[in-house]
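1. Give me the fold of what follows.
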Amino acid sequence: MSFIAEADHTIEAPPQRVFDKLTDVASWPTWMPRSFVPILRSDTASPLRLGDRIKVKVAGGPLPTTIRVSKLERPNVLAWRGGVRGLLWAEHRFVLEPLGERRTRVRSIETWRGALSGLLRPFVLPLALRVGTEQLAALDRAATISHDVN
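-> You can find the predicted model right below:
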């Protein structure tokens, strides 16, 4: 069984700027919501690269989880995966669509799979929707501030 948590948001900045802010992992601590906290090491690459692994704490959970960048297509798609395959794992995709030259629609699409996904859906789905919505709102603020400054 699987389920999807999806949110979208329009940002007043071009896709390249939004994508660059999203992949600038070194800047995440300054703008990512508290519901998604990266645990960065001194050797963490920024911007993100395909295959990079990052530890994050999600929704105040007690233990960090490792995510791996699984797709990186500038300026259209960033995706990462994490969890325990077969039990409960997810792929989170950010899909950027240009709306003219200076606006971007960003879709947050998180697909959950695994033997526990059906059982945990009532708990995980609302949490995933909240985190995805918070990430998009924070990305909007970060990309818009960057856009105004530059």
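2. all helices for this protein, in order.
-> For the chain, helices defined by DSSP state H occupy the ranges 15-23, 28-31, 117-149.
3. got any ranges where the protein has weak pLDDT?
-> Regions of the chain meeting the criterion pLDDT under 70 cover residues 146-150.
4. Centre of the chain to stretch 37-46, how far?
-> 15 Å (Cα atoms, centre = their mean, to the nearest Å).
5. Touching that stretch from outside, list them.
-> 23-29, 32, 52, 54-58, 64 (Cβ atoms under 8 Å, 6 or more residues apart in numbering). Backbone N, C-alpha and C define where each C-beta goes, glycine included.
6. out of the residues you listed, who's nearest R93?
-> Using Cβ to Cβ, T23 is the member of the contacts of stretch 37-46 that lies nearest R93, at 13.4 Å.
7. measure that closest one to R49 for me?
-> Distance, T23 to R49, using Cβ to Cβ, to the nearest Å: 9 Å.
8. who has more neighbours, those two?
-> Higher neighbour count among T23 and R49: T23, with 21 against 11, using other Cβ atoms under 10 Å.
9. Compute the distance between E110 and V77, please.
-> Distance from E110 to V77, by Cβ to Cβ: 14 Å.
10. neighbour count winner among these two?
-> E110 (22 against 15).
11. Name the residues linked to the more buried one by a beta bridge.
-> For E110, the beta-bridge partners are A5, H92 (DSSP bridges).
12. Please look at it and W89 and confirm they touch.
-> No. With contact defined as Cβ atoms under 8 Å, E110 does not reach W89; the gap is 10.9 Å.
13. so what's R105 closest to, chain neighbours aside?
-> Spatial nearest neighbour of R105, chain neighbours left out: E97 (4.4 Å); criterion: Cβ to Cβ, 6 or more residues apart in numbering.
14. pretty sure the one you found contacts R103?
-> No. With contact defined as Cβ under 8 Å, E97 does not count as touching R103 (9.5 Å).
15. which residues does I11 contact?
-> For I11, the residues meeting the contact criterion (Cβ under 8 Å, 6+ apart) are V18, R103, T104, R105, V106, L139, D140, A143, T144.
16. Those residues, buried ones only, as a ChimeraX selection?
-> A single ChimeraX command selects the buried members of the contacts of I11 (16 or more other Cβ atoms under 10 Å):
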select :18,104,106,139,140,143,144
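17. Would you reformat the contacts of I11 as a markdown table and include distance to R68?
-> Listed next are these as a markdown table, based on distance: Cβ to Cβ, whole Å:
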| residue | distance to R68 |
| --- | --- |
| V18 | 22 |
| R103 | 30 |
| T104 | 25 |
| R105 | 26 |
| V106 | 21 |
| L139 | 20 |
| D140 | 26 |
| A143 | 24 |
| T144 | 29 |
